[in-house]
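J.: Sequence and computational prediction follow.
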Amino acid sequence: MKRPPPFRRPRRQLLGAALLLPCGSLRLAHAQPSPSGEARDRPLRVAAATAVVDSGLARRLRDALTRDIGLATQWLRGPSAQALSAVEQGGADVAIAHAPELEIALDRQGLVHDRRRLGRSEFVLVGPVAAKGPERGKDPLGLKGTPDVLEAFRRLAQAGPQGGVAFVSAPQGTAALLREAALWKAAGVVPQGAWYMRAEGGCAQAIQAALAHNAYLLIDRLSWAALGAKSHAVLVHGDPRLEDAYHAMRSFRSPHPAAKLFMNWLTGPTGRRVLAAGGLQTGGQ
């Protein structure tokens, strides 16, 4: 099977780089620290993981905040690692991310505070499926319905070098890449070769790359629900290793007077309803 050439591997991204918003109604912005005295005169800056923005959840939250309490917010889009770096360095007042390992490390070091769980979803392994004929709905490796994600990863690693199978790895700094790396390690596999490609950008770009290369992909369910296509389907889900927890936390360096109000609203009844409508399971926390 002839495949498009693999994506080039991106240059290493430094934490603290500018977070850019996608085109649309959300304004383009750079996450740069500002003196605390100016905080009350500007919108609350929320650094949100790409999954939160690409899935439309950020827009839901922004609009509900405006309607409910009239709070002006500026949403900064970037991979979870960059969103957390921005709130650590004072380039954002609040971060919403889904990279617990990084969040806990910052919290333990006293670099962020007031970390609160918002809800959970899951990562899913998606892949190409036949559109018609007797093989309709089946993927090349027959992974659909596999309950063990580690077994699915091992089968991908075995088939990849033989040709006919491709895997797109999530962009640098994303929660999906962090989880993917942990899964490859747990499966005892070091993926490498032309079949293993790296997307650039965020969740939307990773999905586009997987569709273009007819490849498998590990992605968060929120982004897939918003941006997926019929040529691909969710093949592996439900494994506890795929749980995807979302948290919000405040910055020490940028104490915006509205930050606590935002956090209370986000974890209160209205905020939880908006989060649930956006795809997060908010109960039983």
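T.: In hand now; what should we look at?

J.: per-residue confidence for the residue most central in space within the chain?
T.: Among the residues of the chain, the one closest to the centroid is A51, at 3.6 Å (CA atoms, centre = their mean). In this prediction, A51 carries a pLDDT score of 95.

J.: does it really touch A206, like I thought?
T.: No. Here A51 does not reach A206: they are 10.2 Å apart, not a contact under CB atoms under 8 Å. (C-beta placed from N, C-alpha, C; glycine too.)

J.: what is in contact with those two at once?
T.: Residues touching both A51 and A206 (CB atoms under 8 Å, 6 or more residues apart in numbering) are T174, A176.

J.: picking that back up, assign the residue nearest to the centre of the chain to helix, strand or coil.
T.: Counting by DSSP: H, G, I helix; E, B strand; the rest coil, the backbone at A51 sits in helix.

J.: how does the chain divide into domains?
T.: According to automatic domain parsing, the chain is divided into the following domains: 36-121+245-277, 122-242.

J.: Now distance to G283 too, for those domains, in TSV please.
T.: Below are the domains of the chain laid out as TSV (distance: least, CB to CB, whole Å):
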stretch	distance to G283
domain 36-121+245-277	8
domain 122-242	15
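
J.: Which single strand of this protein contains the most residues?
T.: strand 112-128 (DSSP state E).

J.: And that one, what does it pack against?
T.: In this structure, strand 112-128 makes packing contacts with helix 80-89, helix 100-108, strand 216-220, helix 221-227, strand 232-236, strand 243-251, helix 259-266, helix 269-277, judged by 3 or more CB pairs under 8 Å, 6 or more residues apart in numbering; DSSP states H and E.

J.: just so I know, which of the ones you listed lies nearest A166?
T.: With CB to CB as the criterion, A166 lies closest to strand 216-220 of the helices and strands packed on strand 112-128, at 7.1 Å.

J.: May I have the strands that pair with the closest one, each with its orientation?
T.: Strand pairing for strand 216-220, using DSSP bridges, gives strand 112-128 (antiparallel), strand 167-169 (parallel).

J.: Mean pLDDT added to those, as TSV?
T.: Formatted as TSV, the entries for the strands paired with strand 216-220 read as follows, by pLDDT from 0 to 100:
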stretch	mean pLDDT
strand 112-128	97
strand 167-169	97
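
J.: From G271, how far off is the closest residue to D107 other than its chain neighbours?
T.: Leaving aside its chain neighbours, D107 sits nearest to R115 (5.2 Å; criterion: CB to CB, 6 or more residues apart in numbering). As judged by CB to CB, to the nearest Å, R115 and G271 stand 15 Å apart.

J.: So for those two, which sits in the more crowded spot?
T.: Neighbours around R115 and G271, counted as other CB atoms under 10 Å, are more numerous at G271. The numbers are 21 against 17.
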